[in-house]
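**Student:** have a look at this prediction, sequence included:
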Amino acid sequence: MKNPLINVRFGKGVASMSQLPSDQGSEVAFAGRSNAGKSSAINTITGHKRLARTSKTPGRTQEINMFVLDDQHRIVDLPGFGYARVPGTVKQQWQRLLNRYLEERRSLRGLVFVTDVRHPLRADDSQFLRWCQQTAMPVHVLLTKCDKLSRGCAAATLQEIETALQEFGPYVSVQLFSATKRRGVEQVQALMVDWLGLNTEQKKRPGDKGRKPGA
């Protein structure tokens, strides 16, 4: 099956809200801890080897990176949090930018939240998901690096996380994912296509506005 996101290209990196493209159309953003494999996930899902920069040093994404499908559809790579080896003042700057983007960006349709399956749902992860719950923001949790676990252990972890996520309401979903083994790629692709509105066969419901597509 042809990758529906293959035509994405790098747009620009922005360090302030004023540098963002016009707040029109649809965006899906990737968020998560700096060492969770976010860049590798973006590259695998889009079918590009070097679209998002990967590094052995966590915290390389130091701006909001905009990847463009066309003038109405974008994929967004948000700065990682929790482990980045950068000065405290830089972390604070990232946090302010991240907060403003999440609170003000009207074209944002959903978040892919990337977390290592071996260390899921730490305190700051849960805090982030709680914020998404309060704003009714759809979130899809990507449990990365599942190839590091046996299939049985990975399945048990998925079931455990599914149970834990119930407290965050109906807008949160979860799946296993491996960039190395390409496990779970089509599942997250399909969800992103839905959020972005790329599926032309899907009819938008009357009065369906704001940030709740697929709700």
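**Tutor:** Ah, there it is.

**Student:** and the lengthiest strand in the chain, what other elements does it pack with?
**Tutor:** Counting by DSSP state E, the longest strand found in the chain is strand 108-116. Here strand 108-116 touches strand 26-32, helix 38-46, helix 123-134, strand 139-144, helix 185-196, going by 3 or more Cβ pairs under 8 Å, 6 or more residues apart in numbering; DSSP states H and E. Yep, even glycine has a C-beta here, placed from its N, CA and C like the rest.

**Student:** for these, give me TSV that also has mean neighbour count.
**Tutor:** Output for those, formatted as TSV (neighbours: other Cβ atoms under 10 Å):
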stretch	mean neighbour count
strand 26-32	23
helix 38-46	24
helix 123-134	15
strand 139-144	24
helix 185-196	18
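
**Student:** of the ones you listed, which approaches residue 10 most closely?
**Tutor:** helix 38-46 (10.6 Å; Cβ to Cβ).

**Student:** what does that closest one contact?
**Tutor:** Contacts with helix 38-46, where a contact means Cβ atoms under 8 Å, 6 or more residues apart in numbering, come from 3, 5-6, 8, 30-32, 49-55, 60-61, 67, 75, 77, 80, 112, 114, 142, 144, 177, 179, 182, 185, 188-189, 192.

**Student:** ok, of the residues you listed, which come out buried?
**Tutor:** The neighbour count (16 or more other Cβ atoms under 10 Å) marks 5, 8, 30-32, 51-52, 54, 60-61, 67, 75, 77, 80, 112, 114, 142, 144, 177, 179, 185, 188-189, 192 as buried among the contacts of helix 38-46.
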